[in-house]
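Student: Any chance you can model this:
(chains A and B)
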Number of protein chains: 2
Amino acid sequence: MERKPLAPPGFSRTFYKRQLPSPPAIEFASARGKQVFGEALADGTVNNFFKLIEQFRTQDEPAYCGLASLAMTLNTLNIDPRRTWKGPWRWFHEEMLDCCHPLPKVREEGITLTQAACLARCNGARVELYPYGAVSLEEFRGMVAEVCSSAEEHIIVSYSRQEFRQTGDGHFSPIGGYSAREDLALILDTARFKYPPHWVPLPMLYK
Amino acid sequence: MERKPLAPPGFSRTFYKRQLPSPPAIEFASARGKQVFGEALADGTVNNFFKLIEQFRTQDEPAYCGLASLAMTLNTLNIDPRRTWKGPWRWFHEEMLDCCHPLPKVREEGITLTQAACLARCNGARVELYPYGAVSLEEFRGMVAEVCSSAEEHIIVSYSRQEFRQTGDGHFSPIGGYSAREDLALILDTARFKYPPHWVPLPMLYK
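Tutor: Now for the predicted structure:
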């Protein structure tokens, strides 16, 4: 008979992932999620997925969702940081994104949408910033569909997890694809220790 | 007129990625790579891709390809490390894989196939180890096809980059999918600062 090791002290207050509330979300790697992906692939609305998923990463700190989304997207865009990360390699990593707001503050509080735009710009990206309400649902859908089909630009969304019945609140993540048939957007959630990537209804994401 | 910032000293000895020698490799996000993926998806031989790509990560140190492949695979298998990573979250990270070989040594020398198997086992995975020559090409192809279709097990390969005309030599990476039509395996290269994921001819990988 095998003996299970005793849990270390405080273990009960730690977490191994969270259950993804579904609906409204559809887990990417579920049978249904694969079906949505397959159809969107055939429709040409997940062209941006390939370059972006190559750079999918786990945020390095609980409040680094904004920095992780940025590092992912800057690497996806093939922007050379012109400074080294490790060894002889030039590469974006969250800790290198320190030009707009002090990192110790980011570690405590995260970043705002405006700070995210500042960080993307000062690291060489061209940025369009749309605060909530700046575009209509129709316009938002059009932008998501176009970006996911063209694969030349990328969208990072800042949204509330509460809309999807997820624990936590304000969160950043890149959009990894769009399903026109079902009006779903693929959230590449950088808190991979918590939730897997998932499809969400685009109107709920817009909210 | 914009002035380009002067490169810092030593800049010319640093690298922003390497050109992927193609052939023999086919870049995952290229038009051809997407076509191979789409066909393999329809054939049901990239079922393992979905869970695995959710955990795709960049190795944290130049010699951590083995540890990164393991951390990726342990997280993919939903194995609870029973110890925390950051904050309250239990999650595998390279630096937590320290039960078989001292990390400072791994940082210098990397790990062997036997050490990789030891690390996977002492972290809770069931492991089958096949040193070079233990299986025939036909058997290897059968294992890759089965694992990539079933998505219940995963394969990490240890191979020489030289076979594919890539810089460097011994390297570990998980296999992210199989194309039966073209007999190609998808290498999820953890050195993402160097090469993107790519399809390679399975007989060359076997070598």
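
Student: how much space between residue A:191 and residue B:95?
Tutor: According to C-beta to C-beta, to the nearest Å, residue A:191 and residue B:95 sit 19 Å apart. In this view, the C-beta of every residue, glycine as well, is placed from N, C-alpha and C.

Student: just residue A:167 next, same as before
Tutor: Counting by C-beta to C-beta, the gap from residue A:167 to residue B:95 is 26 Å.

Student: The two: which is more packed in?
Tutor: Counted by other C-beta atoms under 10 Å in any protein chain shown, residue A:167 and residue B:95 do not tie: residue B:95 has more neighbours, with 15 against 12.

Student: Tell me who's in contact with the more buried one.
Tutor: When contacts are counted by C-beta atoms under 8 Å, 6 or more residues apart in numbering or on different chains, residue B:95 touches B:60, B:103.

Student: doesn't it fall inside a strand?
Tutor: No: counting by DSSP: H, G, I helix; E, B strand; the rest coil, residue B:95 falls outside a strand, being helix.

Student: Strands of chain A, residue ranges please.
Tutor: A:26-27, A:84-86, A:89-90, A:156-160, A:170-179, A:184-187, A:198-201 (DSSP state E).

Student: contacts for the first one?
Tutor: Outside strand A:26-27, the residues within contact range by C-beta under 8 Å, 6+ apart are A:20, A:32, A:33, A:36, A:184, A:196, A:197, A:198, A:199, A:200.

Student: Can you list the strands that it pairs with?
Tutor: Counting by DSSP bridges, the strands paired with strand A:26-27 are strand A:198-201 (antiparallel).

Student: what about residue A:56, distance to residue A:156?
Tutor: 13 Å.

Student: Pairing partners for the residue nearest to the spatial centre of chain A in the sheet, please.
Tutor: For chain A, the residue whose C-alpha lies nearest the mean C-alpha position (C-alpha atoms, centre = their mean) is residue A:173; its distance is 2.2 Å. Note on residue A:173: beta-bridge partners by DSSP bridges are residue A:157.

Student: pretty sure it contacts residue A:156?
Tutor: Yes: Residue A:173 is within contact range of residue A:156, at 7.1 Å (criterion: C-beta atoms under 8 Å).

Student: circling back to that earlier point, who are the neighbours in contact with the residue nearest to the centre of chain A?
Tutor: With contacts defined as C-beta under 8 Å, 6+ apart, residue A:173 is in contact with A:65, A:69, A:156, A:157, A:159, A:187, A:188, A:189, A:190.

Student: right, so the strands of chain A: which one is the most enclosed?
Tutor: Scoring the strands of chain A by mean neighbour count under mean count of other C-beta atoms under 10 Å in any protein chain shown gives strand A:184-187 as the most buried, with a mean of 26.

Student: quick one: average confidence on that one?
Tutor: The average of the pLDDT scores along strand A:184-187 is 98.

Student: Ok, stretch A:199-207 next?
Tutor: Regarding stretch A:199-207, the rounded mean pLDDT is 95.

Student: I would like the residues contacting it, please.
Tutor: Against stretch A:199-207 from outside (C-beta under 8 Å, 6+ apart): A:24-26, A:28, A:33, A:36, A:137, A:140-141, A:144, A:157, A:159, A:163-164, A:178-179, A:182-187.
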